[in-house]
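Asks: next come a sequence and a model predicted from it.
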Amino acid sequence: MLEEAETLRLIRLAKRGDGGAKELLLTHNASLLKSVLRRYLGKGVEYDDLFQLASLGFLKAIAGFDERFGVRFSTYAVPMIAGEIKRFLRDDGSVKVSRAMKRTAREMNRYIEQYTADHGEQPTPAELAKAFSMEEGDVVLTLSSSRMPVSIYEQTDYKDEKSVTLAEKLPAKDSPEELLDRMVLKAAIEQLPEREKKIVVLRYFRDMTQSEVAKAIGVSQVQISRLESKLIAELRKSLEG
């Protein structure tokens, strides 16, 4: 990646309409784009499409960045890139099935048929996960792909699972989106003024009461309460993209 000074110089040129500067910024920040988009791999959107969405978010970050923010451009760009991808997935409203997932689903169904013929029973999700070197949640998603596009909150149509959604069948481990939310939240916190950042750290990472934070900051508890409400709203907005 470019040095921050060079990044800022190119951003100034890009804001004046220099297409070459935009290309250079995109090229040298490709690793940043990939670090964000890879958290959405496997969600039914092709890699090239994710990269295009990430690039669009990056260009919006260039247009909206102000050096007076006092933060590194990469810190500002991450939530913009994430927001563009999240908006697409949210507004699209369905899980698209990639060609690779369809191919894997066919292979998995053939494996199930053979396994059933050999053992007299179907393989468990854990056995399928081991056979195909994937997580159990990915097995469920892949096997459900023949019914897509559907919402992950649509109920399954098996007789004994009428009230179960696909989302509920996925493992409880952190999803890629949850990992990305933490990344976006971290970036949003880093952009806060020093006093507000300290309030967040003391309240939610040190588990201090509002009165204790007020004493540490040197303001009243009422002021802390007001600031905290405002900060929560701002951070929630960042997560919603």
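Replies: Thanks, I have it. The shown structure was predicted, so the numbers you read here are calculated from the model rather than taken from an experiment. Numbering: from 1, shown residues only.
Asks: which element follows the one helix or strand Ala82 maps to toward the C-terminus?
Replies: Per DSSP states H and E, Ala82 falls inside helix 73-92. Counting by DSSP H and E, the element after helix 73-92 in chain order, helix or strand, is helix 99-119.
Asks: give me the distance from the very next helix or strand once past that next one to the chain's centre.
Replies: Using DSSP H and E, the helix or strand that follows helix 99-119 in sequence is helix 125-132. Chain-centre distance of helix 125-132: 26 Å, with C-alpha atoms, centre = their mean, to the nearest Å.
Asks: buried set for helix 125-132?
Replies: Pro125, Glu127, Leu128, Ala129 (16 or more other C-beta atoms under 10 Å). Heads up, the C-betas are built off the backbone N, CA and C, glycines and all.
Asks: closest one to Arg38 out of those residues, please.
Replies: Distance to Arg38 across the buried residues of helix 125-132 (C-beta to C-beta) is lowest for Ala129, with 20.5 Å.
Asks: what separates that closest one from Val200, distance-wise?
Replies: Note on Ala129: its distance to Val200, by C-beta to C-beta, to the nearest Å, is 38 Å.
Asks: before we move on, what about Arg110?
Replies: Between Arg110 and Val200 the computed distance is 52 Å (C-beta to C-beta).
Asks: higher neighbour count, those two?
Replies: For Arg110 versus Val200, the count of surrounding residues by other C-beta atoms under 10 Å is larger for Val200: 20 against 10.
Asks: now for the chain, the helix or strand with the poorest mean pLDDT.
Replies: The weakest-scoring helix or strand in the chain, judged by mean pLDDT, DSSP states H and E, is helix 166-169 (a mean of 44).
Asks: Gly42 touches Val139, doesn't it?
Replies: No: judged on C-beta atoms under 8 Å, Gly42 makes no contact with Val139 at a distance of 11.8 Å.
Asks: the two - which one has more neighbours?
Replies: Per other C-beta under 10 Å, whichever of Gly42 and Val139 has more neighbours is Val139, with 23 against 17.
Asks: residues contacting the more buried one?
Replies: Met108, Pro125, Leu128, Ala129, Phe132 (C-beta atoms under 8 Å, 6 or more residues apart in numbering).
Asks: one more pass at 7 Å, please.
Replies: By C-beta atoms under 7 Å, 6 or more residues apart in numbering, the contact set of Val139 is Pro125, Leu128, Ala129, Phe132.
Asks: pick the one among these closest to Arg72.
Replies: Ranked by distance to Arg72 (C-beta to C-beta), these are led by Ala129 at 39.5 Å.
Asks: closest to Leu13 among the contacts of Val139?
Replies: The nearest member of the contacts of Val139 to Leu13, counting by C-beta to C-beta, is Phe132 at 48.2 Å.
Asks: give the contact list for the closest one.
Replies: Met108, Val139.
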